[in-house]
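Visitor: predicted model and sequence below, questions to follow.
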Amino acid sequence: MDKIEIYTDGACKGNPGVGGWGALLVAGSRQKELFGGERETTNNRMELMAVIQALQALKRPCHIILHTDSQYVLKGMTEWLSGWKAKGWKTASKAPVKNVDLWQALDAAQGVHQIEWRWVRGHTGHPGNEKADQLANKGVDSVLSGSSGAAQSSAED
């Protein structure tokens, strides 16, 4: 099983507002950069979208170390998800889970992989997180300029 490190981030100009997501996938010396954005969204949705897009870009099951600076994503996947599913996508207070469409997509995308979830403090100079942040802002810029998000690869997938 291939081992991949993934760094993800989301950005939003206004919340809600124009948002972007970015992901850096690293497998040995190979790297792939992904980014995209939406015109009207929230930061939490972009944080989730970054992880979804990164996982969907993988072509086979992998062992993943996934780095996120989002406590929302980290706790959602490591603490809250199983309870939400057991309660029919309701919170402990019986309210509907926010962003349920993306949580369900993320749950499906993670299914074939072995994922170690790791939190990294954002904006502290961590190279992978800083690159993911740059990509997320590139996603915002792509929306503002009218171009669509893109994927770039510096090596073979």
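Guide: All right, it came through fine.
Visitor: list the buried ones in the longest helix seen in the chain?
Guide: Scanning the chain for the helix with the most residues, using DSSP state H, yields helix 127-145. By 16 or more other CB atoms under 10 Å, the buried positions in helix 127-145 come out as 128-143. All C-beta atoms are positioned from the backbone trio N, CA, C, and that covers glycine.
Visitor: and that helix, how far from the chain's centre?
Guide: Remark: helix 127-145 is offset 12 Å from the chain centroid, using CA atoms, centre = their mean, to the nearest Å.
Visitor: likewise stretch 125-143?
Guide: On the basis of CA atoms, centre = their mean, stretch 125-143 sits 12 Å off its chain's mean C-alpha point.
Visitor: and the contacts of that stretch?
Guide: 5, 7-13, 18-24, 26, 33-39, 46, 50, 67, 69, 120, 122-123, 148-150 (CB atoms under 8 Å, 6 or more residues apart in numbering).
Visitor: of the residues you listed, buried ones?
Guide: 5, 7-13, 18-24, 26, 33-38, 46, 50, 67, 69, 120, 149.
Visitor: how about low-confidence regions in the chain?
Guide: 148-157 (pLDDT under 70).
Visitor: hey, where'd the strands end up in it?
Guide: Applying DSSP state E to the chain gives strands spanning 2-14, 17-27, 30-41, 62-68, 114-119, 150-153.
Visitor: how about those strands in TSV, adding distance to residue 81?
Guide: Below are those laid out as TSV (distance: least, CB to CB, whole Å):
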stretch	distance to residue 81
strand 2-14	17
strand 17-27	20
strand 30-41	21
strand 62-68	14
strand 114-119	11
strand 150-153	27
